[in-house]
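In: coordinates for the following, if possible.
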Amino acid sequence: PELEEMEGEKASPAAFVGSMLHEIFQKSIKWGAGKVDQESLVMEASMLLSESIESLFDISASENEILNKISEHLPAIQNFTDTFMRSSPHPNSSIPYAFNEPLRQTFIPRVIDIEESISSPRFGIKGHIDATVEVVLGDPG
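Out: Numbers count the residues shown, from 1 in each chain. This is a model prediction of the structure:
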């Protein structure tokens, strides 16, 4: 992924790592539970890094340095995918639906779209939706 700089600001390693994690997370939710392991996530990160050599030069960082930073976050991505990206609830998938409400088992059986562009001149909005998903909420309690 290209590292987008804000006008007048220098690109940073933290922004680059965040951008890479965003891409890896999107891939992992498409793959779904049971299909994501640390090895596949590291391979995906390595592939993305090899396609981003110019951005690495821009931030004065090595592939290994950035891969190490990305790798710190991969267990959380795997855990989210294994817990929520399923066709039925996982025992640990209970989360509060709203403030002061009981926990509900929650799972995401389907990813409908990734990086969907939206535009509505009527409402004056235009942008991207990172992920459109189908979510199933269990009964409270």
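In: who does the longest strand belonging to the chain touch, helix- and strand-wise?
Out: Identified as the longest strand of the chain according to DSSP state E is strand 103-120. Helices and strands touching strand 103-120, by 3 or more Cβ pairs under 8 Å, 6 or more residues apart in numbering; DSSP states H and E, are helix 13-31, helix 74-84, strand 94-96, strand 125-137. Yep, even glycine has a C-beta here, placed from its N, CA and C like the rest.
In: which positions in the first one come out as buried?
Out: What that stands for is helix 13-31. Under the neighbour-count criterion of 16 or more other Cβ atoms under 10 Å, helix 13-31 has 13, 15-17, 19-21, 23-25, 27-29, 31 buried.
In: so which of these comes closest to Ile53?
Out: Ile53 has its nearest neighbour among those in Phe16, at 11.9 Å by Cβ to Cβ.
In: per-residue confidence at the residue in the chain sticking out farthest from the centre?
Out: Centroid-distance maximum for the chain: Arg122 at 30.2 Å, with Cα atoms, centre = their mean. Per-residue confidence (pLDDT) for Arg122: 89.
In: that one falls within a helix, correct?
Out: No - under DSSP: H, G, I helix; E, B strand; the rest coil, Arg122 falls outside any helix and is assigned coil.
In: how near is it to Glu134?
Out: 26 Å (Cβ to Cβ, to the nearest Å).
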